[in-house]
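Q: any chance you could fold what I've pasted below:
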Amino acid sequence: GMILVLMGVCGSGKTAVGSFLANQLGWTLFDGDDYHPMENIDRMAKGIPLCDEDRIPWLLVLHDIILREMSSGRNAILICSALKRVYRETLLFGTEISNLKCREEQRDRVKGILFVYLHGSIELISKRMATRKGHFMAPSLIQSQFDILEPPSASENSITLDIEKSIPEIAAEIESALPSYL
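A: Okay, the predicted model is just below:
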């Protein structure tokens, strides 16, 4: 199986791109936001940024979903902000994140997981978030997300796409990149 992790700050279009792509490819879509515990959602709604302690248990749940889908040979798309490298490594390695031997053994599995970083300026994203209704993220949190954002480095299995483009264009770019990672 192959897993696409659509990552980026809130308002970068992860859900829109994910839904479009899941329909195009016929892949299962998992929205990471659906797996946040209630207390995380309450915090974000109040404009309180989540700290690593809040995020790690949530990321471990998502790691289990990735493992389950891959081991059953299914292709899936996971929407998850995955702003910091340590969060992405938690998605990949779970609690084995600090165990190098296990990480080496998991190299093959990691090959099937591609991070798709949806990149846009804080101006564009703030503008988009201002028009959004019914999202639990307080607009003041956008800056805090940019503050901790660590874009994927060259050593990570990732591609970066500009969110200035339309959703079908972004989806087409992701699709054309897939063969090199499958």
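Q: next, the buried residues of stretch 14-31.
A: By neighbour count on 16 or more other Cβ atoms under 10 Å, the buried set for stretch 14-31 is 14-22, 25, 27, 29-31. In short, each C-beta sits where N, CA and C put it, glycine included.
Q: which of those sits closest to residue 141?
A: residue 14 (14.9 Å; Cβ to Cβ).
Q: what about the closest one, distance to residue 124?
A: Separation of residue 14 from residue 124 (Cβ to Cβ, to the nearest Å): 14 Å.
Q: ramachandran angles for residue 118?
A: phi -90, psi 110 (degrees, to the nearest 10).
Q: that one contacts residue 17, correct?
A: Yes. At 6.5 Å, residue 118 counts as touching residue 17 under the criterion of Cβ atoms under 8 Å.
Q: who touches both of those two?
A: 6, 170 (Cβ atoms under 8 Å, 6 or more residues apart in numbering).
Q: who's sitting farthest from the centroid in this structure?
A: Relative to the centre of the chain, and counting by Cα atoms, centre = their mean, the farthest-placed residue is residue 101 at 25.5 Å.
Q: so which helix or strand takes in that residue?
A: Assessed by DSSP states H and E, residue 101 sits inside helix 100-105.
Q: elements contacting that helix?
A: The contact analysis (3 or more Cβ pairs under 8 Å, 6 or more residues apart in numbering; DSSP states H and E) places helix 100-105 against no helix or strand.
Q: tell me the mean pLDDT for that helix?
A: The pLDDT scores in helix 100-105 average 73.
Q: residues in contact with it?
A: With contact meaning Cβ under 8 Å, 6+ apart, helix 100-105 is reached by 93, 96-97.
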